[in-house]
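Undergrad: Next one to model:
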Amino acid sequence: DVLGGVAPGGEASDGVAPGGVAPGGVAPGGVAPDRPSAACVPCNVEQFRRDFGSRVWLTYRRAFPPIGATGLTTDCGWGCTLRSGQMLLAQSLLLHFLGRHWVWADVLDMDNQDSQGLKTVKQGTLERSEGLYRSLVEFSGSLKLSRKTNDDPVPVGSEQQGHVPSPTLSQDEICHRKIISWFADLPHPPFGMHRLTEVGKSLGKKAGDWYGPAVVAHIIRKALQEAQEPELQGLAVYVAQDCTVYVADLMETHSGGAVILLIPVRLGGEKVNSQYQDIIKGMLSLEFCIGIMGGKPKQSLYFVGFQDDSLIYLDPHCCQPFVDVTHSDFPIQSFHCSSPKKMPFSKMDPSCTIGFYCGSNTELGKILEEIRKVLNSPASPDKYPLFSFSPGHAHEQQVAALGTWGLDSGPQSPVPQQHSGSQEFVFL
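TA: Numbering: from 1, shown residues only. Below you'll find the predicted structure:
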């Protein structure tokens, strides 16, 4: 784990342009046109900083209360996939409660150092490059995600866990702090390491184990399902099975409320298949995409965008001190990052989970349509699609599989499945 304990930021390198505002008249979250405009592409660097820096950054922590009987007081070295899953879920909660217009008020007070992979350019214009143009729009697609139909935030209480915010804080900031407190490394928050590792026990995992992105997707689903906070009751998680989204099951999970769609996939065998690169870019370009829980082999990262052939990510591999959120006005600076990083697509581990947030029935229809367009695009491998949609229920497909295979020994017969050696993914 070569990045473990490394402070955010790192060494600057060329290749990623600051962005975050959809240029050239393209709506935020939209997919870039085939070719860029001949004019210079406008770019508001500060708006990019605001957008990226407003995302909740969740990293390794040390010196938190022990996790049950394990005695573990840090997740350094083993908890990075859980942290990436936390970040993906936190982004969903920001969208759910605050919408896409929200920006953290103190974001510009963070360190103004150049990010790793960020190229310094004059504010207002960027070089006339098709790759650069596409990267800006695609990056904005992953950062400018879906907003609620009603932009008014859902009220979120602030009295739980002894947190009494300053009366000078805005309602949005109270909500922001509340969301962060749900991920605190204490026994009771619904999405902290203590709770997630407890949920993981039912899936054969324990604190200190290595967690894959598919297992974490199911941990997130179960943790949200079991959360007692009343504000979270209108939100659910659907996890695709064997690279298949069963639409009837998804609709039942949605049932008129908001839903987080998590799709575990595998982008090849031992190494990522380059044929999937454009499909991953297409997914990150979608308005409703909340990012990808993936990484390098044995090193999880949270991918939020891309530039040319590199992925942009938030890195959980920074071991920070425990923050006690039960204190009034607890410091939140360490829960935000001003330094995007990048890595080549070719170094991506093939195991990953793609996330989408859907806030309404209207959005659900749109998201399914947009995902299908990406899956059916010319760039998609015909033989091995990234994942697929099935109109019915998963259990109906299992019954159909029994009939197709001519099994006549009753309900105890196993349903044939094409699994890889991996415990978590179907090989594509």
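Undergrad: can you tell me which residues contact the residue nearest to M87 when sequence neighbours are not counted?
TA: Spatially, and ignoring its direct neighbours in sequence, M87 is nearest to Y302 (4.4 Å; C-beta to C-beta, 6 or more residues apart in numbering). Using the backbone N, CA and C atoms, a C-beta is placed for each residue, glycine as well. When the contact criterion is C-beta atoms under 8 Å, 6 or more residues apart in numbering, the partners of Y302 are R83, S84, M87, L88, G291, I292, M293, Y313, L314, D315, P316.
Undergrad: tell me which residues of the helix ranked longest in the chain are tucked away?
TA: Using DSSP state H to assign secondary structure, the helix with the most residues in the chain is helix 80-98. Along helix 80-98, these residues count as buried under the neighbour rule (16 or more other C-beta atoms under 10 Å): 80-98.
Undergrad: ok so, going back, considering the contacts of Y302, which is situated nearest to Q333?
TA: The shortest distance between Q333 and any of the contacts of Y302, using C-beta to C-beta, involves L314 and amounts to 15.1 Å.
Undergrad: The closest one reaches R55, doesn't it?
TA: Yes: counting by C-beta atoms under 8 Å, L314 does reach R55; the two are 6.6 Å apart.
Undergrad: Lowest average confidence across helices and strands of this structure, where is it?
TA: helix 130-143 (a mean of 35; mean pLDDT, DSSP states H and E).
Undergrad: For the very next helix or strand once past that helix, buried residues please.
TA: Beyond helix 130-143 on the C-terminal side, the first helix or strand identified by DSSP states H and E is helix 171-181. Residues D172, E173, I174, C175, H176, R177, K178, I179, I180, S181 are the ones in helix 171-181 that count as buried (16+ other C-beta under 10 Å).
Undergrad: surely the first one meets L98?
TA: Yes: counting by C-beta under 8 Å, D172 sits close enough to L98 to count as a contact (6.0 Å).
Undergrad: Poorly predicted segments of the stretch 151-300 of the chain, please.
TA: Low-confidence segments of the stretch 151-300 of the chain (pLDDT under 70): 151-167.
Undergrad: can you pull out the helices in it?
TA: Per DSSP state H, counting those that start in this stretch, the stretch 151-300 of the chain has helices spanning 171-181, 193-200, 213-226, 247-254, 277-285. These are given in chain order.
Undergrad: CSV for those helices, including distance to G68?
TA: CSV is the format used below for the helices of the stretch 151-300 of the chain (distance: least, C-beta to C-beta, whole Å):
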stretch, distance to G68
helix 171-181, 20
helix 193-200, 7
helix 213-226, 16
helix 247-254, 30
helix 277-285, 37
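Undergrad: Which stretch among those helices approaches C352 most closely?
TA: Nearest to C352 among the helices of the stretch 151-300 of the chain is helix 213-226 (5.5 Å), distances taken as C-beta to C-beta.
Undergrad: got the angle between the closest one and helix 247-254?
TA: In this structure, helix 213-226 runs at an angle of 40 degrees to helix 247-254, with axes from the mean of the first three to the mean of the last three C-alpha atoms, to 10 degrees as the basis.
Undergrad: Packing partners of helix 213-226?
TA: Using 3 or more C-beta pairs under 8 Å, 6 or more residues apart in numbering; DSSP states H and E as the contact definition, the elements that helix 213-226 packs against are helix 80-98, helix 193-200, strand 235-239, strand 258-266, strand 289-296, strand 351-358.
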